[in-house]
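below: sequence and its predicted model.
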Amino acid sequence: MTRNLPRREFLKTTAAGVVALPILGATAYASGKDTLRVGLVGCGGRGTGAAFQAIQADPGVVLWSMGDLFADRLTSSLGGLTENFAQRVDVPDVRQHVGFDAYQKVVQEVDVVLFATPPVFRPMHLAAAIEAGCHVFCEKPVAVDAPGVRSVLKTAQVAKKKGLSLASGFCWRAANGHRSLYNRILKENAIGDVRHVYATYLAGGVWYKKRQEKWTDLEYQLRNWYYYSNFSGDHIVEQAIHSIDKLLWAKNDVMPISAIAMGGRQVRTDEKYGNIFDHFGVVYEWADGTHGHLVTRQQNGCHSENLDRIVGSEGIANIDGWANRFEVEGARPWKYDGPGNDMYQTEHDELFASIRAGAAMNQGVSMAHSTMAAILGRMSAYTGQRITWEQAMTSKQDLTPKSWEFGTGIDVVQATPGKTKFA
Ligand SMILES: NC(=O)c1ccc[n+]([C@@H]2O[C@H](COP(=O)([O-])OP(=O)(O)OC[C@H]3O[C@@H](n4cnc5c(N)ncnc54)[C@H](O)[C@@H]3O)[C@@H](O)[C@H]2O)c1
């Protein structure tokens, strides 16, 4: 088996091992016994989890190729996966790829690719995967800036034309309780017209990796990608995006027309925290006069919660996703009493079912729009200005370094509301 096989050849597992079979088109995957080669790019916590879920989603999945920027991350992920699924992991040395170009090799070797790198790489990786003819699962967020979002929207169109599945990691959309409640609101008039949406994502700080002597400046920054808005988009884009995605869901995926936001660094004052803020508050405005409020914080020792509140003309929906509580009060009271589910597993179950059925799913537009809405909030908080959706979508600010090579780090620029200019 060489890595230069035509992309749509696929494999069949036999008692003797794995053999290549000729391409039969999208329906070639119809039988659950035909092997689907899966590649993982970004072998950290979430990527490793996604590979677990992909393997469990379909009996024909074999983890076939892996890519990471760093060998130690790949090795430890591969070790854990092999320990759990020895028969379903077939990633010899030649299919372990390390470095900035690892993704290019992985997408040439597989049928389905999972992306869980820091978000800055997503637009470039997605474009390469769809170009190579892979079905894709990609984690949120899918970009850190507007050029990235525009690129993802283009890629999503190409995926559609090619009949390739493109699934996103906006996992709450795959959670039973959420689905049940949002369906009731959007399709069964559970609370009348949605007049106001409100969300909190209040949590503690995140991990930090102490500098090692051998690391260049860029390696140090990429090991600590979370703290650099160029790489993560800031925590409003990396984490609170889940709540923003749910605000948009409640608005039936109609995008806001503007945002007014604030935020800053109250406790993240040390240089080691790069340039991201530790709190944001955003007011989104929709064309129909609806407003949406988001508050998010990453500060230790403070109150934590992750709630959504959707106020309608005839009732109010309250959601506590962490506690699996979904309730409607008002004219038609209701409480979700169905089973919970592993939403991460459901995402993969549905993706692989779509591939098997030859009925591509494509979440490209909604994942790009939710990402843009989060970036819009950051843009407004960083500049201190009211920013419109139109301005944000057409922004030319490109946070991606011109080229990717280890050595000099990126300039760490901290935003100052009122002084930082919109670009
Ligand atoms: N849906 C969810 O609930 C959820 C939860 C956690 C993380 N995530 C998302 O998953 C992504 C990864 O997060 P994580 O917590 O796993 O981070 P992580 O740091 O644990 O993993 C990221 C991995 O990507 C690797 N990497 C960095 N640059 C790369 C490149 N150019 N090519 C290949 N590999 C590269 C890193 O070395 C690391 O192994 C983020 O986008 C994050 O927002 C989603």
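Great, that's in hand.

ok, and the closest non-adjacent residue to the one residue in the stretch 151-300 of the chain that gets nearest to the ligand?
The ligand sits closest to Gly169 of the stretch 151-300 of the chain, with a gap of 4.0 Å, by Cβ to the nearest ligand atom. Using the backbone N, CA and C atoms, a C-beta is placed for each residue, glycine as well. Excluding the flanking residues, the one nearest Gly169 by Cβ to Cβ, 6 or more residues apart in numbering is Glu139, at 3.9 Å.

cool, Val254 as well?
Residue nearest to Val254 in three dimensions, not counting chain neighbours: Trp286, with 6.4 Å by Cβ to Cβ, 6+ apart.

tell me who's in contact with the one you found.
Lys251, Val254, Pro256, Ile257, Gly292 (Cβ atoms under 8 Å, 6 or more residues apart in numbering).

just the buried members of the residues you listed?
Among the contacts of Trp286, those classed as buried by neighbour count (16 or more other Cβ atoms under 10 Å) are Lys251, Pro256, Gly292.

before we move on, the earlier item: which pLDDT does the model give the residue of the stretch 151-300 of the chain closest to the ligand?
Per-residue confidence at Gly169 stands at 98 (pLDDT).

and it, backbone torsions?
phi -90, psi 30 (degrees, to the nearest 10).

spell out which parts of the stretch 201-350 of the chain neighbour the ligand.
Leu222, Glu238 (Cβ under 6 Å from any ligand atom).

all strands of the stretch 201-350 of the chain, in order?
Secondary structure of the stretch 201-350 of the chain by DSSP state E, counting those that start in this stretch: the strands cover 258-264, 279-285, 291-298, 305-312, 315-320, 325-330, 334-335.

so what's the closest residue to the ligand within the stretch 1-150 of the chain up against?
In the stretch 1-150 of the chain, the residue that lies nearest the ligand is Gly44 (1.8 Å; Cβ to the nearest ligand atom). By Cβ under 8 Å, 6+ apart, the residues touching Gly44 are Asp68, Arg73, Ser77, Ala116.

what packs against whichever strand or helix holds the second one?
Secondary-structure assignment from DSSP states H and E places Arg73 in helix 71-84. Under the contact definition 3 or more Cβ pairs under 8 Å, 6 or more residues apart in numbering; DSSP states H and E, helix 71-84 sits against helix 45-57, strand 61-68, strand 96-98.

report the inter-axis angle for it versus strand 61-68.
Interaxial angle, helix 71-84 versus strand 61-68 (axes from the mean of the first three to the mean of the last three Cα atoms, to 10 degrees): 160 degrees.

returning to what we had before: how many neighbouring residues does the residue of the stretch 151-300 of the chain closest to the ligand have?
The tally of other residues near Gly169 (other Cβ atoms under 10 Å) stands at 23.

correct me, but it touches Pro119?
No: applying Cβ atoms under 8 Å, one finds Gly169 not in contact with Pro119, separated by 10.6 Å.

from Asp398, how far out is the closest residue to Asp217 other than its chain neighbours?
Closest residue to Asp217 apart from its sequence neighbours, by Cβ to Cβ, 6+ apart: Gly409 at 3.2 Å. Noted for Gly409: a distance of 17 Å to Asp398, by Cβ to Cβ, to the nearest Å.
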